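Peer 1: make a model of this:
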Amino acid sequence: MADLKNIDEHFVQTVWNEQRFFDFDLKSTDGRSIQVLKPGFWNSDEGPDFVHAELLIDGNLYAGDVEIHINSSGWYNHKHHLDPRYNRVILHVIYLNDDINLRTRLQNGKRIPTLEILNRLDAPIGDLFDERKASQETSTNECRVTGKTLKIERVQSVFEDLGQERLHEKADVLRNQIVGVDFEQLLYQGIMEALGYTKNSKSFRELAQRVPLSEIRGESDESIQAILFGVAGLLPSQSQQETEWDEEDKRFIERLESIWESTEQHKNPTCMAAEQWYFAKMRPANYPSRRIPAIAQIISRCQDTLMMAFLPLIEGAATANQRDLASIRRRLQERLTPAPSGYWENRSHFGKGIPQRGAALIGAARAADIIVNKLLPITLLWAEQSQSPKLTEAVQRLYNSYPKLQENRITQQIEAQIFSQEQPIKLISPSAKKQQGAMYLNNNFCSSQLCDLCPIIEGGGIIKD
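Peer 2: Down below sits the predicted model:
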């Protein structure tokens, strides 16, 4: 056995990421069968090492996170058992089991299986070390397209095609999620997840699952706020901090607390921990405490159903001209950008002001992201299941017409890799669809270093030397 002093956590993470172990008849330390469907995405932010993994555990499908350590005791040494951010971990992967605990305990009391890979590696560990060292020495981390002369029309076509793939990929993911929930809940969960950005998306999704749409539909704006804040664990009464309130704070908080105490959810609490929510290093306008009033307004204004607040508008895109498409996009975004009123007009959190009075609870840029990333894929699945070619065409025309969204880390990274001063990205007329293509390129090729299969190179997008 290799000296553990030579093994670092990054090495074990690499083994998991590249699946460098024999996966036949995998068993956890407590004897449960493990089958890896998707190892997940390597997470460079706070929280578990891999996110969005999919596993079969004793034949049952689990989706969640994976945490990696050298030893099984690392879980407790790092105090993950006290951290609610690790409650979505479905598998603890270790190199060596040095602990008598056969199953890893989460903060919420649940236990998850542990997988030891010591005797499952697909090559001698010395060879794996040598491979890693050679890779580190020879790798320049440089994209093979970087610095090459591009065939702009081909590159544009590749991003269009990949953008189309991403739309259908999203619909495929939703198709698996629709089992056990209806389209109303699916859209509600999607909007909630998008409101959380990267740091709070999982917490908002959990909140949507703890408080299904069916439990709050038809309630008033403030009732929905009270229930969501209460179940989220974010009401002032749920905090142990002493705070000085002004009169407006007191009146509003007392009203919300009173509503909360009268709800079924308060009588049968399944509340989240306040520690599950991120506020640090966030713009006050994006705090979870402003997103909750936003979704409360959206839901309370839906007279019929959440889907029907959007479907008739989307369907009109099937035969719309360019000017009408722009009008439809604007009206869809208006339904997702409620104006603040009352208490939240000048608050970012309970008792905390906001720099820009009257700032939207959801900005236009975030609303556009929700439409492209959540609403359109869900509507495409709806069209498929209702066998509506007209609605399918409408979704496609809206998707094709959507202007460029706000940049994110991945789109900026792809732009830096592919384009240059001599051939800037503007030459391909950036759009939301092409940005989605960039996301697909990164997630399915670049992040896995599948350079030999690069669609830009394979698609004839560069002029070879």
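Peer 1: longest strand anywhere in this protein?
Peer 2: Longest strand of the chain, by residue count under DSSP state E: strand 60-71.
Peer 1: next structured bit after it?
Peer 2: Once the chain leaves strand 60-71, the next helix or strand it forms, by DSSP states H and E, is helix 74-77.
Peer 1: what comes up buried for that next one?
Peer 2: Within helix 74-77, the residues scored as buried using 16 or more other C-beta atoms under 10 Å are Gly74, Trp75. The way it works is simple: take the backbone N, C-alpha and C, and place the C-beta from them, glycine included.
Peer 1: contact partners of that helix?
Peer 2: Helix 74-77 has contacts (C-beta atoms under 8 Å, 6 or more residues apart in numbering) with Glu9, Glu67, His69, His81, His92, Ile94, Asp99, Asn101, Thr104.
Peer 1: just those now: which is nearest Glu206?
Peer 2: Glu67 (17.5 Å; C-beta to C-beta).
Peer 1: you'd agree the closest one is up against His80?
Peer 2: Yes. The pair Glu67 / His80 is scored as a contact, 6.6 Å apart, by C-beta atoms under 8 Å.
Peer 1: now the common contact residues for the two.
Peer 2: Listed as contacting both Glu67 and His80 by C-beta under 8 Å, 6+ apart are Tyr86, Val89.
Peer 1: of those two, who's got more company?
Peer 2: Glu67 (25 against 22; other C-beta atoms under 10 Å).
Peer 1: by mean pLDDT, which helix or strand of this protein comes out lowest?
Peer 2: One helix or strand of the chain scores below all others by mean pLDDT, DSSP states H and E: helix 125-138, with a mean of 66.
Peer 1: could you point out which element follows that one?
Peer 2: Scanning forward in sequence from helix 125-138 by DSSP H and E, the next helix or strand is strand 149-150.
Peer 1: partner strands of that following strand, with direction?
Peer 2: Strand 149-150 sits in its sheet next to strand 462-463 (antiparallel), going by DSSP bridges.
Peer 1: got the contact list for the strand it pairs with?
Peer 2: Here strand 462-463 makes contact (C-beta under 8 Å, 6+ apart) with Val145, Lys148, Thr149, Leu150, Lys151, Ile456.
Peer 1: of the residues you listed - the most surrounded one?
Peer 2: Ile456 (23 neighbours).
Peer 1: that one sits in which helix or strand?
Peer 2: Secondary structure from DSSP H and E places Ile456 in helix 455-458.
Peer 1: distance from that helix to the middle of the chain?
Peer 2: How far helix 455-458 lies from its chain's middle: 27 Å, per C-alpha atoms, centre = their mean, to the nearest Å.
Peer 1: tell me the mean pLDDT for it?
Peer 2: For helix 455-458, the mean pLDDT works out to 94.
Peer 1: which strands and helices sit next to it?
Peer 2: For helix 455-458, the packing partners by 3 or more C-beta pairs under 8 Å, 6 or more residues apart in numbering; DSSP states H and E come out as helix 152-177.
Peer 1: any buried residues in the helix it packs on, and which?
Peer 2: 155-160, 162-167, 169-171, 174.
Peer 1: just those residues now: which is nearest Asn373?
Peer 2: Nearest member of the buried residues of helix 152-177 to Asn373, counting by C-beta to C-beta, is Lys170, at 7.2 Å.
Peer 1: what's the burial count for the nearest residue to that closest one once chain neighbours are set aside?
Peer 2: Nearest non-adjacent residue to Lys170, counting by C-beta to C-beta, 6 or more residues apart in numbering: Pro377, 3.8 Å away. Residues contacting Pro377 under the criterion other C-beta under 10 Å number 24.
Peer 1: tell me which element Pro377 is part of?
Peer 2: Using DSSP H and E, the element containing Pro377 is helix 376-385.
Peer 1: how about the helix or strand following that helix: buried residues?
Peer 2: Sequence order places helix 389-401 as the next helix or strand after helix 376-385, per DSSP H and E. For helix 389-401, burial by neighbour count (16+ other C-beta under 10 Å) applies to Leu391, Thr392, Ala394, Val395, Gln396, Arg397, Leu398, Tyr399, Asn400, Ser401.
Peer 1: excluding its backbone neighbours, what's nearest the residue most central in space within the chain?
Peer 2: Nearest residue to the geometric centre of the chain (C-alpha atoms, centre = their mean): Ser201, 5.5 Å. Spatial nearest neighbour of Ser201, excluding adjacent residues (C-beta to C-beta, 6+ apart): Glu193 at 4.8 Å.
Peer 1: what is the helix or strand harbouring Val231 packed up against?
Peer 2: Taking DSSP H and E as the definition, Val231 sits inside helix 221-232. Helices and strands touching helix 221-232, by 3+ C-beta pairs under 8 Å, 6+ apart, are helix 197-210, helix 213-216, helix 247-261, helix 264-267, helix 288-301.
Peer 1: how about the fourth one: buried residues?
Peer 2: So the one you mean is helix 264-267. Gln265, His266.
Peer 1: do the longest one as well
Peer 2: Along helix 247-261, these residues count as buried under the neighbour rule (16+ other C-beta under 10 Å): Asp249, Phe252, Ile253, Leu256, Glu257, Ile259, Trp260.
Peer 1: which one of those residues is nearest Ile292?
Peer 2: Ile292 has its nearest neighbour among the buried residues of helix 247-261 in Leu256, at 10.6 Å by C-beta to C-beta.
Peer 1: hmm, back to that, check contacts around the residue nearest to Ser201.
Peer 2: The neighbourhood of Glu193, defined by C-beta under 8 Å, 6+ apart, consists of Ser201, Lys202, Phe204, Arg205, Ala208, Lys374.
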